[in-house]
Every structure is written in C-alpha cells, then in structure tokens.
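Q: everything below, folded, please.
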Amino acid sequence: QVQLVESGGGLVQPGESLRLSCTVSGFTFGDYGMSWYRQVPGKERERIAISITTRFGESTSYADAVKGRFTISRDNAKKTLYLQMNTLKPEDTAVYYCYVRIADVDYWGDGRLVTVSS
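A: Numbers count the residues shown, from 1 in each chain. The predicted structure is shown next:
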C-alpha cells in the first residue's frame, strides 16, 4: 500500500525558513520521480518542484515562483523527500503536498499548511 506521510510546516514570518518532509512506503522510492505541489484556497494545485533520480544523480526542476528560494531533495535510503523553503514570502502561504504517480495512479500526501505572516 502506497503511503506518503508529510511533516513540517507551520507559521513563520516573512524571510524565515521551513523544511517539509515526506516519508513514503509501499513502493521503491528511488525508482520514481517525486514532486511537491501547493494549493491556495480557491486556486488550482500547482507543482512547484520535482525530483528525479537518474544514473547521473538527482535531477530537479522548479516553478519560477520558488526558483532560487526552495530546494527539493531526497534521501533514497530513508525513503524521504524534502522541501527546504528559504526567504519565505506571504504569497507562499498554502497547503503543501508531496506527490507521486505510479502505474497511472496519483498518490498524494495529506498536506501541510504553511503560513507566512508577520
């Protein structure tokens, strides 16, 4: 059974940092690309970062809104995906989800609320 369990998040002030974690089970973590999405109420869920393990190492990509501030990483031995979020802005306030697609099925974490406010 595929499971994605997130941790982290909370309330921070603008300019501060947070780290989200997503620990998985039920599949071979290193074989699949993993992503972080976020969703603001009333808006569509958007992908902000993706990590793929290749034979050359980890390959990552970011949405323009977070590029240079957020870092996605993975520890295949711990089966954990991370999202390091630096220089947070009020517009980063959202629910954050980790995601994987396996055999045409979408799996989501339960979401972690990140609130950036002074």
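Q: all strands of the protein, in order?
A: 3-7, 10-12, 18-25, 34-39, 46-54, 57-62, 70-75, 80-85, 94-102, 105-108, 112-116 (DSSP state E).
Q: dump those strands to TSV, plus mean neighbour count and mean pLDDT.
A: In this view, the C-beta of every residue, glycine as well, is placed from N, C-alpha and C. Output for the strands of the chain, formatted as TSV (neighbours: other Cβ atoms under 10 Å; pLDDT from 0 to 100):
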stretch	mean neighbour count	mean pLDDT
strand 3-7	16	97
strand 10-12	13	97
strand 18-25	19	97
strand 34-39	22	98
strand 46-54	17	93
strand 57-62	13	92
strand 70-75	18	95
strand 80-85	22	98
strand 94-102	20	97
strand 105-108	12	97
strand 112-116	17	97
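Q: so what's the closest residue to residue 48 other than its chain neighbours up against?
A: Of all residues not flanking residue 48 in the chain, residue 63 sits nearest, at 4.6 Å (Cβ to Cβ, 6 or more residues apart in numbering). Residue 63 makes contacts with 46-49, as judged by Cβ atoms under 8 Å, 6 or more residues apart in numbering.
Q: would you reformat these as a markdown table and include distance to residue 40?
A: Formatted as a markdown table, those follow (distance: Cβ to Cβ, whole Å):
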| residue | distance to residue 40 |
| --- | --- |
| 46 | 9 |
| 47 | 14 |
| 48 | 12 |
| 49 | 16 |
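Q: and the residue nearest to residue 48, how far from residue 46?
A: 7 Å (Cβ to Cβ, to the nearest Å).
Q: try residue 10
A: 21 Å.
Q: would you confirm that residue 113 contacts residue 9?
A: Yes: with contact defined as Cβ atoms under 8 Å, residue 113 reaches residue 9; the gap is 5.5 Å.
Q: can you pull the residues that touch both of these two?
A: Joint contacts of residue 113 and residue 9 (Cβ under 8 Å, 6+ apart) are residue 96.
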